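# Give me a model of this one.
(2 chains)
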2 protein chains.
Amino acid sequence: MNPDFDPESLKVIAFDIFGTVVDWHGGIAAEVERALPGVDGSAFALAWRAGYQPAMRSVMARIASGEGGFTLLDELHRGILDGVLRDFGAEGRLDAAALHHLNTAWHRLPPWPDAVEGLTRLKRRYTICTLSNGNLGLLTEMAKRGGLPWDCILSAEVFKAYKPDPRTYLGVATVFDVAPSEVMLAAAHHDDLAAARVCGLSTGYIERPLEFGAGQPKDVSPRPENSLHVRDIVALAERLGC
Amino acid sequence: MNPDFDPESLKVIAFDIFGTVVDWHGGIAAEVERALPGVDGSAFALAWRAGYQPAMRSVMARIASGEGGFTLLDELHRGILDGVLRDFGAEGRLDAAALHHLNTAWHRLPPWPDAVEGLTRLKRRYTICTLSNGNLGLLTEMAKRGGLPWDCILSAEVFKAYKPDPRTYLGVATVFDVAPSEVMLAAAHHDDLAAARVCGLSTGYIERPLEFGAGQPKDVSPRPENSLHVRDIVALAERLGC
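You can find the predicted model right below:
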């Protein structure tokens, strides 16, 4: 635990979602293999996710230049999907309804095995919410299917700004009328946590060594700048005495 | 049941909150009597609530004229409270912390006795959300304290528009990617339901004869234009086979 971090002052824990609370790699790979027999689900999932950062940067650039508006993650995913299907030689194998169903596989991602128990314990003492670039409909369906007991679903869609824009991290504090230091961002990604820290939030790093699948284990070494470093969400609850 | 209403097509039920799901009159009256002994809690609650419509109209007029921005309900309540305290000769009796606490009594309103059971049953089959002019922080704290099992908390704060603006009713359909006719607004107020109906939503009227307290029973006669008319939220669940 970082010595500057005071757990007593914590009131709200906002969770990154993809990779932190749910297993996008496993969930997408499984749905791809069902929808497109013969396609390598793991490679497809990695390619689809790899398209996310460039697509998001391009939306943010269009917004900054005044040429574009806020775009839902469902739409971004759909745009990326077309290219991935081409790259995997699977163009034309799915009709419109099947494409829509596959695109909404992101709504059906399975929680990591510790997520429901950890969140349920944290909810007793803290306000727990999402803070994701995923859209509200996506996050709601995911929570409903997976039993994720959020007190509130917050999203880029609420703030009309995407992480790592400060309006998202500071927006959580404003919504709940607390100081930024009374909010923790919990995430499996150091860049997300770094952006939250600049805004004054405390930060909890969640190890997810298999975020990219068993074939690509991730370095989950601690970094001293985070307020907390834990194995999973149950460990976060334990560390915070819940 | 209105013959044009097809319960099979329903996917989302959005609930008005104040008066429909929670008892603002009883909750505010009780907190006022605790905070200000000797003051008539019921009369104070009615006066505070009566200030809401004029305050909301004035915010909407300022926004329409370009002179004002979106204002949280917490701020509106605080502005009205000062006047009500003056009218009740209670100016100066509360310090800043006590005033803040009293103002957030709206976060702590008790659910009507049928609300938690009814919502829990409806949630099994439908996506259930709030659609209130209350701010997200207020609605989240209310849900957490009262055990209201929302799938998602939607608010004027998400749409940056207040009911009865069509952007709020249509916004629910957009968030969940469904047709307006697949959304029902459930409310104890015919004007709210009428505005939703113009947008193509189906409408469920919830009787709350004691919304204004036992001293001012409300006419809760059915009106044929609503898709459904029910006694309470448990009755709504029963009518929909949940």
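
# CA atoms for contacts and neighbours, from now on please.
Fine.

# So residue A:184, which state does it fall into?
Applying DSSP: H, G, I helix; E, B strand; the rest coil to residue A:184 yields a three-state assignment of strand.

# Just the pLDDT for it.
Looking at residue A:184, its pLDDT is 98.

# and it, how many neighbours?
Other residues lying near residue A:184 total 28 when counted by other C-alpha atoms under 10 Å in any protein chain shown.

# now do residue A:130
24.

# Please state the offset of the one helix or strand it maps to from the chain centre?
Using DSSP states H and E, the secondary-structure element containing residue A:130 is strand A:127-132. In terms of C-alpha atoms, centre = their mean, to the nearest Å, the centre of strand A:127-132 is found 10 Å from the chain centre.

# Buried residues, the helix or strand following it. List them.
Next in sequence after strand A:127-132, counting helices and strands by DSSP H and E, comes helix A:136-146. Buried residues in helix A:136-146, counted by 16 or more other C-alpha atoms under 10 Å in any protein chain shown: A:136, A:137, A:138, A:139, A:140, A:141, A:142, A:143, A:144, A:146.

# Among those residues, which one sits closest to chain B?
Ranking the buried residues of helix A:136-146 by separation from chain B, with C-alpha to the nearest C-alpha as the measure, puts residue A:137 on top at 4.7 Å.

# pretty sure the closest one is touching residue B:172, no?
No. With contacts counted by C-alpha atoms under 8 Å, residue A:137 stays clear of residue B:172, the gap being 9.4 Å.

# Helix, strand or coil: sort out residue A:204 for me.
strand.

# surely residue A:227 meets residue A:2?
Yes. Counting by C-alpha under 8 Å, residue A:227 sits close enough to residue A:2 to count as a contact (4.7 Å).

# which residues do those two both contact?
Taking C-alpha atoms under 8 Å, 6 or more residues apart in numbering or on different chains as the contact rule, residue A:227 and residue A:2 touch no residue in common.

# the more surrounded of the two?
Residue environment comparison for residue A:227 versus residue A:2 gives the larger neighbour count to residue A:227, 23 against 14, counting by other C-alpha under 10 Å.

# mind giving me the domain ranges of chain A?
Following automatic domain parsing, one finds the domains of chain A at A:7-23+A:109-239, A:25-108.

# Pull out the buried residues from the top helix by length along chain A.
When chain A is scanned for its longest helix (criterion: DSSP state H), the result is helix A:73-87. Going by neighbour count (16+ other C-alpha under 10 Å), the buried part of helix A:73-87 is A:73, A:74, A:76, A:77, A:78, A:79, A:80, A:81, A:83, A:84, A:85.

# Name the nearest residue to the fourth one, ignoring sequence neighbours.
If you skip the residues right next to it in sequence, residue A:77 has residue A:103 as its closest partner in space, 6.6 Å away by C-alpha to C-alpha, 6 or more residues apart in numbering or on different chains.

# Strands along chain A, start to end?
A:12-15, A:127-132, A:152-155, A:183-187, A:202-206, A:228-230 (DSSP state E).

# Not counting the lowest-mean-pLDDT helix or strand in chain A itself, show me its contacts.
Counting by mean pLDDT, DSSP states H and E, chain A has its least confident helix or strand at helix A:52-64, which shows a mean of 91. Surrounding helix A:52-64, the residues in contact under the criterion C-alpha under 8 Å, 6+ apart are A:68, A:69, A:70, A:71, A:76, A:77, A:80.

# Export those as JSON lines, with columns for distance to residue B:212.
As requested, the contacts of helix A:52-64 are exported to JSON lines (distance: C-alpha to C-alpha, whole Å):
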{"residue": "A:68", "distance to residue B:212": "47"}
{"residue": "A:69", "distance to residue B:212": "44"}
{"residue": "A:70", "distance to residue B:212": "42"}
{"residue": "A:71", "distance to residue B:212": "43"}
{"residue": "A:76", "distance to residue B:212": "47"}
{"residue": "A:77", "distance to residue B:212": "48"}
{"residue": "A:80", "distance to residue B:212": "53"}
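
# May I have the residues that are in contact with the residue with the largest distance to the centre of chain A?
The outermost residue of chain A, judged by C-alpha distance from the chain's mean C-alpha position using C-alpha atoms, centre = their mean, is residue A:92 at 29.8 Å. Contact partners of residue A:92, counting by C-alpha under 8 Å, 6+ apart, are absent.

# do you know how far it is from residue A:98?
According to C-alpha to C-alpha, to the nearest Å, residue A:92 and residue A:98 sit 11 Å apart.

# what does residue A:213 give?
25 Å.

# Who has more neighbours out of those two?
Regarding residue A:213 and residue A:98, a neighbour count based on other C-alpha under 10 Å identifies residue A:213 as having more, with 19 against 12.

# List the contacts of the residue nearest to residue A:165 when sequence neighbours are not counted.
Leaving out its chain neighbours, the residue that sits closest to residue A:165 by C-alpha to C-alpha, 6+ apart is residue A:195, at 7.9 Å. Listed by C-alpha under 8 Å, 6+ apart, the contact partners of residue A:195 are A:164, A:165, A:166.

# In CSV: the residues you listed, plus distance to residue A:26, neighbour count and pLDDT.
Below are the contacts of residue A:195 laid out as CSV (distance: C-alpha to C-alpha, whole Å; neighbours: other C-alpha atoms under 10 Å in any protein chain shown; pLDDT from 0 to 100):
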residue, distance to residue A:26, neighbour count, pLDDT
A:164, 25, 17, 96
A:165, 28, 18, 96
A:166, 30, 15, 97
